[in-house]
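Engineer: structure of the sequence below:
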Amino acid sequence: MTLKLGFIGTGGVAKAHIANLAAIEGAEITAFCDLQLERAEAAAREWSDAKAYSAIVDMLDDRKLDAAFVCLPPMAHGEAERALIERGIPFMVEKPLGVDNELPRQLAAQIAEKGLITSVGYQWRYIQSLDEAKQFLDSSRIGMSLGCWLGSMPKVPWWRVQHLSGGQFVEQTTHITDLLRYLCGEVIEVYAAYGHRIMHELEEGTDVADVGTVTMKLANGSVATISNTCLIPAGHQTGLNVYTDQGVLEVKANGSRVIRTKEDASAHFAITQNPRLFEDTSFLDAVRTGDQSLIKSSYADSLKTHEVTVAANMSAATGKPVKL
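Structural biologist: This next block holds a predicted model:
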């Protein structure tokens, strides 16, 4: 069964999905929409039957789509999701779901009412070795987790503006927060401290924090700390370590390993070359079959991750812990 697909947004993350779809049998992109029409036209030229649009409604009215990919910056969410929900079109949407809780909660309720198939771009969940990792954690007692996203500031202008991106913890470190939830369970309280150290002096218009640490309490009694920075010249380290009575689980962007002994510390990571490919394949399989259990990150579940990251922003702003 060939699926007719459309893209709303044609930036960098969209290109990663498009490359995957070109390798998936039965996936045909027939429509691209972007506010910059020339970008949509450039993308459409790579597919034989694709058309370009600058308005979402025009695309959806003109093309009969089986599913859509929403690849928009945080502040641009809303119109696309509402149009797709109204028409009953399944969609995959990139994280984060927005810059605050209001819109994502509204959309989650509408999606649930429709029973619509959705997927959210938390590709870390599709690291194949995590199935084994979860089995390890099920047989262990988790004490604490340490996560980080330590790198440089993305160069897209909206990223450095708090009300447009939500800041680093919402826009970027959400991946580590989601991985923590996926592996260790629900977060029930957060306390955050952010700082504005350097980047507001180097990059005009920057008002996002460039360092931050968030301490979390989880429902299972364990604790976690996730730290991030965007002020170093290049990417340094990203991932999550889970410390248990049976050893340590280490997870990086495309692999994981379990360390039980000193010798294990030099063991290789079990690598998944392209977790996003498995994410895209799982979404399309769900659209074909109607079986939503194939999707590891639905909109409803991803909303819980988003709420944790927004709570961290609230805590940093008020200086007080926030309960979820």
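Engineer: which parts of the chain are helices?
Structural biologist: Listed from the start of the chain, the chain has helices (DSSP state H) covering 12-22, 37-44, 56-62, 79-87, 102-114, 130-138, 162-165, 168-171, 174-184, 199-202, 275-289, 299-318.
Engineer: output the ones you listed in JSON lines; the columns should cover mean pLDDT and distance to V208.
Structural biologist: To be clear about C-beta, it is placed using only N, CA and C from the backbone, and glycine gets the same treatment. Below are these laid out as JSON lines (pLDDT from 0 to 100; distance: least, Cβ to Cβ, whole Å):
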{"stretch": "helix 12-22", "mean pLDDT": "97", "distance to V208": "19"}
{"stretch": "helix 37-44", "mean pLDDT": "97", "distance to V208": "25"}
{"stretch": "helix 56-62", "mean pLDDT": "98", "distance to V208": "28"}
{"stretch": "helix 79-87", "mean pLDDT": "98", "distance to V208": "24"}
{"stretch": "helix 102-114", "mean pLDDT": "98", "distance to V208": "19"}
{"stretch": "helix 130-138", "mean pLDDT": "95", "distance to V208": "30"}
{"stretch": "helix 162-165", "mean pLDDT": "98", "distance to V208": "5"}
{"stretch": "helix 168-171", "mean pLDDT": "98", "distance to V208": "6"}
{"stretch": "helix 174-184", "mean pLDDT": "98", "distance to V208": "14"}
{"stretch": "helix 199-202", "mean pLDDT": "96", "distance to V208": "8"}
{"stretch": "helix 275-289", "mean pLDDT": "98", "distance to V208": "25"}
{"stretch": "helix 299-318", "mean pLDDT": "98", "distance to V208": "10"}
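Engineer: for those helices, which one sits closest to S152?
Structural biologist: Each of those has some distance to S152 by Cβ to Cβ; the shortest is helix 199-202, at 9.4 Å.
Engineer: for the closest one, which positions count as buried?
Structural biologist: 199-200 (16 or more other Cβ atoms under 10 Å).
Engineer: and stretch 237-248, by the same measure?
Structural biologist: Neighbour-count burial for stretch 237-248 [16+ other Cβ under 10 Å]: 238-240, 242-244, 247-248.
Engineer: which of these lies closest to A192?
Structural biologist: Distance ranking of those against A192, using Cβ to Cβ, places L240 first at 17.3 Å.
Engineer: for the helices of the chain, give me CSV that also has distance to T229.
Structural biologist: Shown next, in CSV, are those (distance: least, Cβ to Cβ, whole Å):
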stretch, distance to T229
helix 12-22, 21
helix 37-44, 31
helix 56-62, 35
helix 79-87, 31
helix 102-114, 26
helix 130-138, 26
helix 162-165, 15
helix 168-171, 8
helix 174-184, 13
helix 199-202, 9
helix 275-289, 24
helix 299-318, 14
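Engineer: looking at those, which is nearest to L231?
Structural biologist: Closest among the helices of the chain, once you apply Cβ to Cβ, is helix 199-202, at 5.4 Å.
Engineer: quick one: contacts of that closest one?
Structural biologist: The contact list for helix 199-202 (Cβ atoms under 8 Å, 6 or more residues apart in numbering) reads 153, 160, 206-208, 210, 230-231.
Engineer: follow-up on the earlier one: what's the closest of the helices of the chain to V120?
Structural biologist: helix 299-318 (3.8 Å).
Engineer: I'd say L303 and K95 touch.
Structural biologist: No. Under the contact definition of Cβ atoms under 8 Å, L303 does not touch K95, with a separation of 10.8 Å.
Engineer: what sits against G205?
Structural biologist: Going by Cβ under 8 Å, 6+ apart, the list of residues near G205 reads 157, 160-161.
Engineer: look at the residue nearest to A76 when sequence neighbours are not counted and say how many residues are nearby.
Structural biologist: Setting aside the residues directly before and after it, A76 is nearest to G9 in space (Cβ to Cβ, 6 or more residues apart in numbering), at 7.6 Å. Here the count is done by other Cβ atoms under 10 Å, and G9 has 24 residues near it.
Engineer: go on, W159?
Structural biologist: W159 sits with 21 neighbouring residues when counted by other Cβ under 10 Å.
Engineer: so that it lines up with my notes, have the first residue be 224 from now on.
Structural biologist: Happy to do that; since the first residue is 224 now, the last one works out to W382.
Engineer: need the contact partners of stretch 531-544.
Structural biologist: Applying Cβ under 8 Å, 6+ apart, the contact partners of stretch 531-544 are 319, 323-324, 389-390, 392-393, 396-397, 400, 404, 410, 412-417, 432, 435, 437, 439, 545, 547.
Engineer: re earlier: mind picking the two most distant members of the contacts of helix 422-425?
Structural biologist: Between any two of the contacts of helix 422-425, the greatest separation by Cβ to Cβ is 14.0 Å, found for D430 and L454.
Engineer: of the two, who's got more company?
Structural biologist: A side-by-side neighbour count of D430 and L454, using other Cβ under 10 Å, places L454 first with 18 against 13.
Engineer: pLDDT value on that one, please?
Structural biologist: On the pLDDT scale, L454 is placed at 97.
Engineer: ok, V384 next?
Structural biologist: Note for V384: predicted pLDDT of 98.
Engineer: who are the contact partners of it?
Structural biologist: Applying Cβ under 8 Å, 6+ apart, the residues near V384 are 428-431.
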